[in-house]
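Peer 1: Model the structure of this input:
(chains A and B)
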Amino acid sequence: MTGSLWRLLLRALTSPSGRLGAIVIALLTLFVFVAPWLLPDPSAMPDLLAGALPPGAGHPFGTDQLNRDVLSRVVSGGQISLSVAGLAVLLAVTLGALVGGLAGFYGGWLDSALMRLVDGALAIPRLFLLLLLVAVWEQMPLGALVLVLGATGWFATSRIVRGEVLRLRSAEFVLAATALGAGPGRIILRHLLPNVAGPLLVAATLGVGDVILLEAGLSYLGIGVRPPTPSWGSMILDARPLLTTAPWTSIFPGLAIAITVLAVNLFGDALRGALDPRSA
Amino acid sequence: MLTFLVITVLLFILMRLTPGDPLQRLAGDRQVSAEEAAALRQRFGIDQPIATQFRAFVTGALAGDLGVSIEHYPMPVSTLLVSRLPASLLLGGTVLLLTFGFGIALGVLQAVHRGRRLDRWLTRASLTLYAMPSFWLGLVLAWYFGIRLHLLPVAQMHDPLLGADASWLVRVGDVVRHLILPAVTLTAVSIAAVMHYQRTALLEVLRLDFVLAARARGLPERQVLWRHAWRNALFPVVGLFGLWLPILVSGSVFVEQVFNWPGLGHLAADAVSARDYPVILGTAMLVSAQVLLGGVLADLAYYTLDPRVRHA
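Peer 2: Presented below is the predicted three-dimensional model:
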């Protein structure tokens, strides 16, 4: 399993856009988690009266209305946005693999019930599911945000997994495992799911981009990540009144989102191409 | 139909799962006496057993009764939705035309210039736009074209200073001017999907033998492309309809919020800030129905466009 995953990753890296995406992701992650030691404290307000300073020496991205360094805030917002997206996608892919695995392996009424559920859930735009789930919290803890982003992201994945498991469950190696006395749990986890690892990786990578955009959107609506914790979306919300006087306060966090999502999608597309050369 | 029932059940469960008392939100900080609370519970039917509530919710939803707004009490949710529908349809329809018109044209252009510089740059540009948060792109466009250049209005659908005696031509022009920025923003972030589908589909068809045969007969390239190849490469784009509607709907929540456009998306965003649960639920129902309708329309289009489906 790990061998074929490695080969898939390496093949994705042979395409120029996949390489570009991977390099940008690696640099961004490194920068976001290392830079805080090199930059001024994002919550530090050196001189309240100075107000919002345009980009220049000392503050490459300028400062906001409270004279906080925008670069530092983009970096610490990135920690939140990237961690939330990573964990939520991990949860979503796990759920998708479990549900798809169960539905595909057992078939019958369980399969029908689960897949009807997925049909219905897929017809409700994910944003609206999230609005319903998030709107009830006065102060949404970060853990709960990860939970709802993950819980609304597994539907399409479970369909993919179900199809693959359905195709493989009557294969000879499954029969062999059954003959050796393996139970359903062991067959699903050890024999069937490893064969879906490639499609799962593709779904996960492309899912990260979606979740970053959704989290930014929820935070922009004021119901995602709450101040004073900065996230890229909430920074753009904070910066709205400054659009005329200090546009850099909203431009830089938005650029950070766009670059991250673009890099993730480029890499995801390359992975998909590596998995199925015909689709590229 | 079954799917819609599943949606209804899902939304009802979501609504009931939520912690917190809706009455508390209605009352705000005011102290509510026990009698008042009981009366309100009866008014909103929360004192009934859960099965009765569910039956009331489903029959109500089927009859178009989605409950009463908390924020705009006692306005029914359905009235609110209907009042916001025209603005949403205007914006959504414009974006639909722009996305599919330009998306198909650019996708064909890419397929014809496959692998060359134009193709590569169009892919890069569309993917970059696709990665941008719609609200941020809207803000940036509003800042540049509205605030810096003073070219276009950045909020609302009408100019409030326009006199009542203005001719209809002036009125239409005014709405169009207000429509430009939100429509361009939404089109920009969603056009990549149509371009990609059209490009891939056309490339697949151009490889087929009948295209070679058409060229061998000496038909002009333009005729080969549009009359023979393109018509056969249109179906995947039509199928995109169902996939694409949710993108448009979600995008419009943010874009309508940014440009203060009086549509359903803006209503939903406001309802979220006000914790107006019936309204959020109502918009979610309406939007899901639209998505299902999009799927049905796509099937119908397949049926009319493709003789093979018709005779199958």
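Peer 1: Wait, A:Arg19 touches A:Arg11, no?
Peer 2: No: in this structure, A:Arg19 is not within contact of A:Arg11 by Cβ atoms under 8 Å, at 11.4 Å. Where C-beta positions appear, they are placed from N, C-alpha and C, glycine not excepted.
Peer 1: Could you tell me the end-to-end distance of stretch B:104-118?
Peer 2: 15 Å (Cα to Cα, to the nearest Å).
Peer 1: biggest helix in the chain, by residue count?
Peer 2: Since you didn't name a chain, this refers to chain A. Secondary structure assigned by DSSP state H gives helix A:70-106 as the longest helix of chain A.
Peer 1: think we crossed wires, I meant chain B
Peer 2: Longest helix in chain B, counting by DSSP H: helix B:168-206.
Peer 1: how about the helix or strand following that helix as CSV, C-alpha atoms only?
Peer 2: Counting by DSSP states H and E, the next helix or strand C-terminal to helix B:168-206 is helix B:209-216. Extracted C-alpha coordinates of helix B:209-216, given in CSV (Å, rounded to 0.1, in the frame of the first residue of the first chain):
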residue,chain,number,x,y,z
ASP,B,209,-12.9,9.0,-36.6
PHE,B,210,-15.9,10.9,-37.8
VAL,B,211,-14.0,14.2,-37.4
LEU,B,212,-11.2,12.8,-39.4
ALA,B,213,-13.7,11.7,-42.0
ALA,B,214,-15.3,15.1,-42.1
ARG,B,215,-11.9,16.7,-42.6
ALA,B,216,-11.0,14.1,-45.3
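Peer 1: mean confidence for helix B:209-216?
Peer 2: In this model, helix B:209-216 carries a mean pLDDT of 91.
Peer 1: between the strand or helix carrying B:Trp121 and helix B:168-206, how big is the angle?
Peer 2: Element membership for B:Trp121 (DSSP H and E) is helix B:117-130. Angle, helix B:117-130 to helix B:168-206, by axes from the mean of the first three to the mean of the last three Cα atoms, to 10 degrees: 120 degrees.
Peer 1: so how far is chain B from A:Met100?
Peer 2: Met isn't right for residue A:100; it's Gly. 18 Å (Cβ to the nearest Cβ, to the nearest Å).
Peer 1: excluding its backbone neighbours, what's nearest that residue?
Peer 2: The shortest distance from A:Gly100 to any non-neighbouring residue, by Cβ to Cβ, 6 or more residues apart in numbering or on different chains, is to A:Val161 (2.8 Å).
Peer 1: what number of residues lie near the one you found?
Peer 2: Applying other Cβ atoms under 10 Å in any protein chain shown, we find 29 residues neighbouring A:Val161.
Peer 1: same check, this time on A:Ser4
Peer 2: Neighbours of A:Ser4 (other Cβ under 10 Å): 12.
Peer 1: hang on, the earlier thing: buried stuff in the helix or strand just after the helix holding B:Trp121?
Peer 2: As assigned by DSSP H and E, the chain's next helix or strand after helix B:117-130 is helix B:134-141. By neighbour count on 16 or more other Cβ atoms under 10 Å in any protein chain shown, the buried set for helix B:134-141 is B:Ser134, B:Phe135, B:Trp136, B:Leu137, B:Gly138, B:Leu139, B:Val140, B:Leu141.
Peer 1: what residues are up against the fourth one?
Peer 2: Meaning B:Leu137. A:Gly254, B:Leu129, B:Thr185, B:Ala188, B:Val189 (Cβ atoms under 8 Å, 6 or more residues apart in numbering or on different chains).
Peer 1: how about the residues of the stretch 151-280 of chain A that lie near chain B?
Peer 2: The stretch 151-280 of chain A comes close to chain B at residues A:209, A:213, A:216-217, A:220-223, A:233, A:236, A:240, A:243-244, A:247, A:250-251, A:253-254, A:257-262, A:265-266, as judged by Cβ under 8 Å from any Cβ of the partner chain.
Peer 1: Quick one: buried ones out of those?
Peer 2: Burial by neighbour count, judged by 16+ other Cβ under 10 Å, picks out A:209, A:213, A:216-217, A:220-223, A:233, A:236, A:243, A:247, A:250-251, A:253-254, A:257-262, A:265-266 from these.
Peer 1: Next step: the residues of the stretch 151-280 of chain A next to chain B restricted to strands.
Peer 2: Applying DSSP state E to these, no entry is found in strands.
Peer 1: number of nearby residues for B:Val172?
Peer 2: 10.
Peer 1: Just the buried ones among the residues of the stretch 151-280 of chain A next to chain B: which are in helices?
Peer 2: Using DSSP H, those in helices are A:209, A:213, A:216-217, A:220, A:233, A:236, A:250-251, A:253-254, A:257-262, A:265-266.
Peer 1: Can you pull out the low-pLDDT segments for the chain?
Peer 2: Using chain A here. A:1-2, A:40-50, A:138, A:278-280 (pLDDT under 70).
Peer 1: hmm, I had chain B in mind actually
Peer 2: Those would be B:1, B:16-32, B:40-41, B:43-47, B:242-251, B:312, if you go by pLDDT under 70 across chain B.
Peer 1: What segments of it are strands?
Peer 2: Counting by DSSP E, one finds no strands in chain B.
Peer 1: Residue of it closest to chain A, please.
Peer 2: Nearest to chain A, among the residues of chain B, is B:Val6, at 3.0 Å (Cβ to the nearest Cβ).
Peer 1: Many thanks, we can stop here.
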